[in-house]
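>>> How does the following fold in three dimensions:
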Amino acid sequence: MGELRRVFDDRIANDTVREKAFDKLYDELKQYKNDFVFQAEKPLLLDLLLFYDSLNWFQESLVKQEMSPDVIADSFQYLIDEFIEVLYRRDVTPLEESTKFDRKVHKAVKVSDTDDKDADYRITQVLKRGFSRNDKQLRPEEVVILRYRGDKG
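Model prediction:
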């Protein structure tokens, strides 16, 4: 009976040590995971902070009314270009411009009728630009298209 008691106590002590080791291992793994995510996101976050600084500069210039309308337009275009550059650094690229509707890359959000048969499925307006990353579509381009409905006479 004493021998069984000793074996039982050894098992309980061994299980406690093993449990503490696993708890420590899980804590280290969690810390590693959190640091890994932070390190992976850090370059993007720094780029976004630079863009934030540019937005603040633009807002201050507007409030102080330091810019003419032409300079405002140029500055705003600069902000758009800077933001596109942030996307490029993450391998996100705008879809190539197209005049013909393609269901693979476009989403028709509005359709207008046309009498011109050659204009069928022609894009008349881009409402939202489409983007891709590594040849995989992130967002389809939202467009307005023309549709030939046949002779109405």
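>>> partner residues bridging residue 142?
Applying DSSP bridges to residue 142 gives these bridge partners: residue 107, residue 128.
>>> Tell me which residue is most central in this structure.
Centroid-nearest residue in the chain: residue 138, 7.6 Å away (criterion: C-alpha atoms, centre = their mean).
>>> can you give me the strands for the protein?
With DSSP state E as the criterion, the chain has strands at 92-94, 106-114, 123-128, 131-133, 136-139, 141-148.
>>> ok, and for stretch 98-110, which residues are buried?
Buried residues in stretch 98-110, counting neighbours by 16 or more other C-beta atoms under 10 Å, are found at 101, 105-106, 108. Just so you know, the C-beta spots here come from the backbone N, C-alpha and C atoms, and that holds for glycine as well.
>>> One more: stretch 53-66?
Buried-residue list, stretch 53-66, by 16+ other C-beta under 10 Å: residue 58.
>>> thinking again about what came up before, closest to residue 11 out of the buried residues of stretch 98-110?
Distance to residue 11 across those (C-beta to C-beta) is lowest for residue 105, with 63.5 Å.
>>> Does that closest one touch residue 95 like I think?
Yes - here residue 105 reaches residue 95: they are 5.6 Å apart, a contact under C-beta atoms under 8 Å.
>>> what's the overlap in contacts for the two?
By C-beta atoms under 8 Å, 6 or more residues apart in numbering, residue 105 and residue 95 have these common neighbours: 130, 137, 141.
>>> Quick one, grab the pLDDT at the residue lying closest to the first one once chain neighbours are set aside.
By the measure of C-beta to C-beta, 6 or more residues apart in numbering, the closest residue to residue 130 outside its immediate chain neighbours is residue 141, 3.1 Å from it. At residue 141, the predicted lDDT confidence score is 97.
>>> Output the below-cut-off pLDDT ranges for this structure.
In the predicted model of the chain, residues 151-153 satisfy pLDDT under 70.
>>> if we go to 80?
For the chain, applying pLDDT under 80 flags the ranges 66-67, 150-153.
>>> now the shared contacts of residue 105 and residue 95: which count as buried?
For those, a burial check counting by 16+ other C-beta under 10 Å picks out 130, 141.
>>> Distance to residue 85 added to the shared contacts of residue 105 and residue 95, as JSON lines?
Converted to JSON lines, the shared contacts of residue 105 and residue 95 look like this (distance: C-beta to C-beta, whole Å):
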{"residue": "130", "distance to residue 85": "18"}
{"residue": "137", "distance to residue 85": "21"}
{"residue": "141", "distance to residue 85": "20"}
